[in-house]
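Undergrad: show me how the following folds:
(2 chains)
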Amino acid sequence: MKILVLVVNRVIWFVPTLLGLLAIVFFISHVIPADPAAFAAGENASAATIAEMRARLGLDQPLHIQFLRYVQSILTGDMGRSIYTGRPVSEDLLSRLPATLELTLVTVVIATLIGVPLGVISALRRNSWLDHGLRFVTIAGLAIASFWFAILLQLFFSMRLGITPLTGRVEGWGPEPITGFYVIDSLINWDMETLLDAFHHMILPVATLALPAAATIVRFTRAGVLNALESNYVLYETAMGYPRRQIVWKYVLRNALIGTVTQIGLIFGILLAGAVVVEAVFDWPGLGMFAVNSILNSDYNAVMGFTLIAGTMFIVVNLLVDILQGLIDPRETR
Amino acid sequence: MTTRGMKGSATEISRRNLLVAGAVAGAAGLPRIAEAQRGGGGRIVFANGSAYDTMDPHATFDVGRVAYRLNCYDGLMRWVDNPPKLEPWLAESYTTSEDGKTYTFKLRQGVTFHDGAPLTAEDVVYSMERILAVKKGAYPLFAPLVAPGSTKALDRHTVQFNLTTPSAIFAATTHDIYVVNSALLKRNERDGDWGQAFIGRNDAGSGSYIIRRFDPARGFLAQRFDNHFLGPAGVAEIDFRYVAEVNSRVLGLIRGDFQGTDPYMPQDQITRLQGDSNLNVMEAESTRLFYSCIHNQRAPMNDVNFRKALCYSFDYDGWINNILGGSVVRNTGVVPNPMWGAPKDLAGYTYDIDKAKWHLARVQAPMREIVVAGMIGYEQSIQAASLLQNGLTRAGIQSRLLNEPWPVVSNKMRDPEQMYDLLFLWRSTYYADPHNWAGEILHTERHRGGNASYYSNPEVDRLLEEALATPDQAKRAPLYEQVARISSEDAAAIFIHNTKWYGPFRKNVSGVRFCPIGDGQEMRWLSIA
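TA: This next block holds a predicted model:
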């Protein structure tokens, strides 16, 4: 019941949060001294053509009227057309969303599977050589620029050893999209060759993204476990003769994971919106590149559409994190 | 009426040449171009740094996305090779009225679209009307000349353009009238959109390749059209991939994932590719002019002495030989060197700080800090701005660098109040005629457009208008040469270099034919071993 109250509470806040986000992005993006009408009209366009284009795009209206019109059209499910591509923004976004989501989900799963156990081991062997080694690797993982690391991986594994693909999601054009998630589509078609190829192409981009993500998870899990190990209930359980393994993996980890789960939610949101560098280096046709191009082209509708999608997913992921925290620690729902 | 054949060279075109070439082409039955054609197998992956956002041939005009227009659609005529020659394509001949306002094109017979429908004069009329209606792509090129509804299909294979004003460059621009399948588009129109939603993703052309798959985030897959009127192209399938990152394009080419890539990359990457024994980096002098606008109407730049001081403050040799490693060629005037109409004896300016100071001493207006702009994402533009600042400091001119992205820059260029004092940029080749540079960069009517220097000289305007109304190239050439000389004396802008084209391909790819219009991306000539 308390979980349900939490969900309703978050959903109520969803609308004003998103509206506030849209308003901020809308007004900031329109303050930039760029003229999307001039851009859309082309290099040789005359002043009259640009003025005509501006009127056609509704950019000659006052800013607040433009915003109200935009919100109205959003409420009817219309994100508008991209000034640059001429297609509905929803179409452009949905065609790229699966690539980004697939990469993000696999990265988060891999980073969690690596990060949590290493965080626990690091805490249990505090100040050992293993702990020092993990500290070095995690700090390096957080410090290394992903652009540089991605190129290093390409040079070593693709160019020198030739064991991983250099770029792209699959070899050639891949399957006709059903969901757009190549892993799911190849399973639906029971096409194991494409499935393996899709995973093969994910190795380097996932490794690039997972290193800093796993490093964050290791640090937070280690801190959480160390904190929990110093609790009285651990002392009590130890005194009662509970097996060490049971204490650590059943009781300590549950308490230690609260901070880690919050971090995983944040990492998911950051990866969704911020994987642009990795998408560029690995030619991964996702949302990040689309967002950057839209910003550079002053494509207002596309920028707003991306903000809407990224904001919505961020809020949904955080809602899931809150629910998960409630399940781990019922006190969180109070 | 003047009858024109279809082969024209940008360097030696003349009315007489046109007549002779047309007769030769007519006697052969097919133009010279067709003789080089043969079918073949194989597949090529071409990596491109610009995203193919749409497949609508009337929606784009830039060189970065030219591949689908050139390879999947045909125009009335086409520019090929370097120096560019205007060759017959869908049209086999045309006539011009004495007043230079009526152009009548005779279409080649037996041409079909990819779906098998015959290509007729009605399709050309529809395509022209569509360009004027959707107001994108090449629209600014035709809007001042062609009124909606004025283009007529005289019969199934004859189309007539009735211009609002005489234009010697109209034929040179008809390669940009990409002809679309009007019946197919009309069937797929939604709410009077001229089929934009349909053609943005689907094929409606007659070109050498058929669009088989399109993903705006990835590119498009093109399959050879075996029934093309020039015969089948050399490669069976081409995967045009959008690869944003230069390093990924270079590594992919070295590794053999890609067989070709676009030439827009820093000089160090070109040098890296030139050192690879599996690659062939083709080299040709193009016609892409790099220059700096000078705001001619704002003090102190409205004083010719100050503008000359600016011109003498740029280290041309250091720029070309040291920074760009000799990869470009000095271009002293407004018209690129390889073009007719470019005076061969125009000395232009040199890097001479003493002369800069001499001119500076004669400037009446009070000195102030000037703003030198470059474009974010275009490294050469930013580097050139820094280099000029160094020269300006030595000459005693205070300056400030400002780098902004292209949408911001293009907006400011169109407003004389907001325009920077100086701005480094390029002028690409949209058609091989001196007017593409001189007319766009210098004519007063192009203020708020291509003339971002806001330069104005009545004599230059008169010469440009006379050249535009004169059909004979032999008479036009000296007019443009005069324009180049006057604008150099006026220091209308800092004209710096003409770009070289570098076409990186794997060695098993042959048959590449570079043309500045289209940047060597016409793929039908290629074959792969």
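Undergrad: what does the pLDDT read for the closest residue to chain B within the stretch 51-200 of chain A?
TA: In the stretch 51-200 of chain A, the residue that lies nearest chain B is A:Thr85 (4.1 Å; CB to the nearest CB). In short, each C-beta sits where N, CA and C put it, glycine included. pLDDT recorded at A:Thr85 is 76.
Undergrad: who touches the closest residue to it other than its chain neighbours in this structure?
TA: In this structure, A:Thr85 finds its nearest non-sequential neighbour in B:Asp53, 4.1 Å apart by CB to CB, 6 or more residues apart in numbering or on different chains. B:Asp53 is in contact with A:Tyr84, A:Thr85, A:Gly86, B:Thr60, B:Arg65, B:Pro216, counting by CB atoms under 8 Å, 6 or more residues apart in numbering or on different chains.
Undergrad: show me what contacts residue 229?
TA: The chain I'm using is chain A. Here A:Leu229 is in contact with A:Ala123, A:Val252 (criterion: CB under 8 Å, 6+ apart).
Undergrad: you looked at the wrong chain, it should be chain B
TA: So B:Phe229 contacts B:Asp74, B:Leu90, B:Arg108, B:Gly110, B:Val111, B:Thr112, B:Ser206 (CB under 8 Å, 6+ apart).
Undergrad: just the buried ones from these?
TA: Among those, those buried by neighbour count (16 or more other CB atoms under 10 Å in any protein chain shown) are B:Asp74, B:Leu90, B:Arg108, B:Val111, B:Ser206.
Undergrad: dump those residues into JSON lines; add distance to chain A, pLDDT and secondary structure as well.
TA: Shown next, in JSON lines, are the buried ones among the contacts of B:Phe229 (distance: CB to the nearest CB, whole Å; pLDDT from 0 to 100; DSSP: H, G, I helix; E, B strand; the rest coil):
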{"residue": "B:Asp74", "distance to chain A": "22", "pLDDT": "97", "secondary structure": "coil"}
{"residue": "B:Leu90", "distance to chain A": "23", "pLDDT": "97", "secondary structure": "coil"}
{"residue": "B:Arg108", "distance to chain A": "29", "pLDDT": "96", "secondary structure": "coil"}
{"residue": "B:Val111", "distance to chain A": "28", "pLDDT": "97", "secondary structure": "coil"}
{"residue": "B:Ser206", "distance to chain A": "23", "pLDDT": "97", "secondary structure": "coil"}
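Undergrad: so where's the chain uncertain?
TA: No chain specified, so I'll use chain A. By pLDDT under 70, the low-scoring segments of chain A are A:1, A:32-34, A:39-45, A:274, A:332-334.
Undergrad: nope, chain B please
TA: B:1-39, B:407.
Undergrad: and the residue of it closest to chain A?
TA: For chain B, CB to the nearest CB, closest residue to chain A: B:Ala217, 3.3 Å.
Undergrad: need phi/psi at the closest residue to that residue other than its chain neighbours.
TA: Excluding its sequence neighbours, the residue lying closest to B:Ala217 (CB to CB, 6+ apart) is A:Pro285, at 3.3 Å. Main-chain dihedrals, A:Pro285, degrees, to the nearest 10: phi -80, psi 70.
Undergrad: now A:Glu176
TA: Torsion angles, degrees, to the nearest 10, at A:Glu176: phi -60, psi 130.
Undergrad: near it, how many other residues are there?
TA: 8 (other CB atoms under 10 Å in any protein chain shown).
Undergrad: again, but for A:Leu266
TA: Residues lying near A:Leu266 (other CB under 10 Å) number 15.
Undergrad: buried stuff in the helix or strand where it lies?
TA: Using DSSP states H and E, the element containing A:Leu266 is helix A:253-274. For helix A:253-274, the neighbour count (16+ other CB under 10 Å) marks A:253, A:255-265, A:267-274 as buried.
Undergrad: ok, B:Gly325 touching B:Gln269?
TA: No. Counting by CB atoms under 8 Å, B:Gly325 does not reach B:Gln269; the two are 11.9 Å apart.
Undergrad: more crowded one of these two?
TA: Between B:Gly325 and B:Gln269, counting by other CB under 10 Å, B:Gln269 is the more crowded of the two (18 against 12).
Undergrad: now the more buried one: phi and psi?
TA: phi -70, psi -40.
Undergrad: mind listing what it touches?
TA: B:Val246, B:Asn247, B:Val250.
Undergrad: if we can go back for a sec, does the residue of the stretch 51-200 of chain A closest to chain B count as helix, strand or coil?
TA: coil (DSSP: H, G, I helix; E, B strand; the rest coil).
Undergrad: quick one on the thing from earlier: my guess is the residue of chain B closest to chain A contacts A:Trp284, does it?
TA: No. Look at B:Ala217 against A:Trp284 with CB under 8 Å: they stay out of range, at 9.0 Å.
Undergrad: burial count for A:His64?
TA: 10.
Undergrad: can you report phi and psi for it?
TA: Torsion angles, degrees, to the nearest 10, at A:His64: phi -70, psi -30.
Undergrad: coming back round to it: what do B:Ala217 and A:Trp284 both touch?
TA: A:Ala99.
Undergrad: and the residue of the stretch 201-334 of chain A found nearest chain B, how far from B:Thr444?
TA: Residue nearest to chain B within the stretch 201-334 of chain A: A:Pro285 (3.3 Å; CB to the nearest CB). According to CB to CB, to the nearest Å, A:Pro285 and B:Thr444 sit 45 Å apart.
Undergrad: pull up the pairing partners for the strand ranked longest in chain B, direction included.
TA: Taking DSSP state E as the criterion, chain B has its longest strand at strand B:279-294. Sheet pairing of strand B:279-294 (DSSP bridges) gives strand B:422-427 (antiparallel), strand B:493-506 (antiparallel).
Undergrad: which one of those strands lies closest to A:Gly141?
TA: strand B:493-506 (35.0 Å; CB to CB).
Undergrad: just the element for residue 95, please.
TA: No chain in the question, so chain A it is. helix A:89-124.
Undergrad: ah, no, chain B please
TA: Using DSSP H and E, B:Thr95 falls in strand B:91-96.
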